[in-house]
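Undergrad: Return atomic coordinates for the entry below.
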Amino acid sequence: MTHQVLIVDDTEINLILFDALVKRIPDSHAVKFSSAVEGLDWAKTRPVDLIILDYMMPEMNGIEFIVQLRKTAGKEDVLILMITANDQKQIRYRALEVGATDFLTKPIDKAEFMARANNLLHLAESRKNLADRASWLAEEVKKATLNILQRERETVIRLSKAAEYRDPETGAHILRMAHYSELIAKGLGLPVEDQVLLLEAAPMHDIGKVGIADNILLKPARLTPDEFEIMKQHAMYGHEILKDSSSKVLQAGAEIAKAHHEKFDGSGYPLGLIGEEIPIFSRIVAVADVFDALTSARPYKTAWSLERAAEYIQAKSGVHFDPRCVNAFFSNWEQVLLIRQRFQDQ
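TA: Predicted coordinates for the structure are as follows:
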């Protein structure tokens, strides 16, 4: 590692002396300026490990130099060795306040100069190594976090497939409705992190169906009132399966599972929530889920046309569905069609 040292002093003999001393420090290179203004401009735009700075200069004194440099982003911690006269204690106090690191007093003692400059360059190197270490650790944490998120996503997919193997309404359905949900969330202006969270959690909306008996879940005909009451229990089953997880995705899945059959007018289940009492994720999923269910063929029904399903969703705006969610869905109709094309039933 080559240390970059900036020397700023308006006296030519001092520049020559300091440059010669810096060259005696291993792996060090000096850049010299007799103009404080030019030296400051150079320091603002280039990497520098140590600045050797005279206080008394005509264009700008050393304290003004430090103040201006410290205002520059990324230059808050550059090490500065200031040169002052022996009787300038008040100046040294002020320089410390604005960000000087160390001092040398005139006349310069060569051995002291070498020792202080060496120490500061070792400090600069240690800081850089620490910063590199911090960056490495941050990258490792990022990798570990990504691995955790990938395992979490795998858990979600496997949980969703558990329902898929028992319920013919899932499969490509969970992918379409999840992407419809993300599209609605984007249309509502939800934060990007919420859009992603919803995309990942929405596939678990019907996970509670694993608790419904096959003779009801797979019945190829309309359910009786008693059977429908049993079927409705899947909302709470899904919530119970997911609710105690520390994962944000599974927590969101629990909320969606419980409330995605609520209706905007309060006639839904399991709690009969009204309007914005229904969590926003569940209001979004309600539109996405019903639209895809209507437009998909099932053993007990044929698929509705897109036009008929669209008319139904719009007719139920404010009754079954949150009008804002409905508007967001149909405002992105071309994207809806692309999602439908991308995730077709096999």
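Undergrad: ok, then the element right after the strand or helix carrying residue 97?
TA: Element membership for residue 97 (DSSP states H and E) is helix 89-98. Using DSSP H and E, the helix or strand that directly follows helix 89-98 along the chain is strand 102-106.
Undergrad: quick one on the thing from earlier: who are the packing partners of the helix holding residue 97?
TA: helix 62-70, strand 79-85 (3 or more C-beta pairs under 8 Å, 6 or more residues apart in numbering; DSSP states H and E). Glycine gets a C-beta too; all of them are placed from N, C-alpha and C.
Undergrad: Near residue 139, how many other residues are there?
TA: Look at residue 139: counted by other C-beta atoms under 10 Å, it has 10 neighbours.
Undergrad: mind checking which helix or strand it is in?
TA: Per DSSP H and E, residue 139 falls inside helix 110-164.
Undergrad: Report the inter-axis angle for that helix versus strand 79-85.
TA: 160 degrees (axes from the mean of the first three to the mean of the last three C-alpha atoms, to 10 degrees).
Undergrad: mean confidence for helix 110-164?
TA: For helix 110-164, the mean pLDDT works out to 82.
Undergrad: Can I get the helices and strands packed on helix 89-98 in TSV including mean neighbour count, mean pLDDT and distance to residue 142?
TA: Formatted as TSV, the helices and strands packed on helix 89-98 follow (neighbours: other C-beta atoms under 10 Å; pLDDT from 0 to 100; distance: least, C-beta to C-beta, whole Å):
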stretch	mean neighbour count	mean pLDDT	distance to residue 142
helix 62-70	20	94	31
strand 79-85	21	90	30
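Undergrad: Of the ones you listed, which is nearest residue 298?
TA: Among these, the nearest to residue 298 by C-beta to C-beta is helix 62-70 (68.6 Å).
Undergrad: got the angle between that closest one and helix 89-98?
TA: 0 degrees.
Undergrad: contact partners of helix 62-70?
TA: Helix 62-70 is contacted from outside by 8, 36, 39-40, 43-44, 51, 53-57, 60, 75-76, 78, 80, 82-84, 91, 94-95, 98-100, using C-beta atoms under 8 Å, 6 or more residues apart in numbering.
Undergrad: Need the buried ones from these selected in PyMOL.
TA: In PyMOL, this line selects whichever of those come out buried by 16 or more other C-beta atoms under 10 Å:
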select buried, resi 8+36+39+40+43+51+53+54+55+57+60+75+78+80+82+83+84+91+95+98+99+100
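Undergrad: ok so, going back, other SSEs contacting the helix holding residue 139?
TA: strand 3-8, helix 12-23, strand 50-54, strand 79-85, strand 102-106, helix 172-187, helix 192-201, helix 248-259.
Undergrad: Return the distance of the spatially most central residue of the chain relative to residue 276.
TA: Geometric centre of the chain, nearest residue: residue 193, 7.2 Å, by C-alpha atoms, centre = their mean. Distance, residue 193 to residue 276, by C-beta to C-beta, to the nearest Å: 21 Å.
Undergrad: Tell me, how many residues neighbour the closest residue to residue 207 other than its chain neighbours?
TA: Closest residue to residue 207 apart from its sequence neighbours, by C-beta to C-beta, 6 or more residues apart in numbering: residue 238 at 4.5 Å. By other C-beta under 10 Å, the residues close to residue 238 number 27.
Undergrad: gap between the two ends of stretch 261-281?
TA: 12 Å (C-alpha to C-alpha, to the nearest Å).
Undergrad: Pull the residues that contact it.
TA: With C-beta under 8 Å, 6+ apart as the contact definition, stretch 261-281 has outside contacts at 181, 188, 190, 198, 201-202, 232-233, 235-236, 252, 255-256, 258-259, 282-283, 286, 318-323.
Undergrad: what about it, distance to the chain center?
TA: How far stretch 261-281 lies from its chain's middle: 31 Å, per C-alpha atoms, centre = their mean, to the nearest Å.
Undergrad: in this protein, what spans have low per-residue confidence?
TA: Within the chain, the segments meeting pLDDT under 70 span 86, 157-171, 299, 346.
Undergrad: Can you pull the domain assignment for it?
TA: 3-136, 165-342 (automatic domain parsing).
Undergrad: For residue 28, name its beta-bridge partners.
TA: As for beta bridges, residue 28 partners with residue 3 under DSSP bridges.
Undergrad: check contacts around it.
TA: Applying C-beta under 8 Å, 6+ apart, we find residue 28 in contact with 2-3, 5, 22, 121.
Undergrad: Mind picking the two most distant members of those residues?
TA: 2 and 22 (11.7 Å).
Undergrad: Compare neighbour counts for these two and give me the winner.
TA: Neighbour count, other C-beta under 10 Å: between residue 2 and residue 22, residue 22 has more, with 23 against 9.
Undergrad: picking up where we left off before, how far out from the middle of the chain is the helix holding residue 97?
TA: Centroid separation for helix 89-98 versus its chain: 42 Å, with C-alpha atoms, centre = their mean.
Undergrad: Could you do stretch 24-37 as well?
TA: Distance, centroid of stretch 24-37 to centroid of chain: 41 Å (C-alpha atoms, centre = their mean).
Undergrad: Okay, now that stretch: how far is its last residue from its first?
TA: Across stretch 24-37, first to last residue, C-alpha to C-alpha, it's 27 Å.
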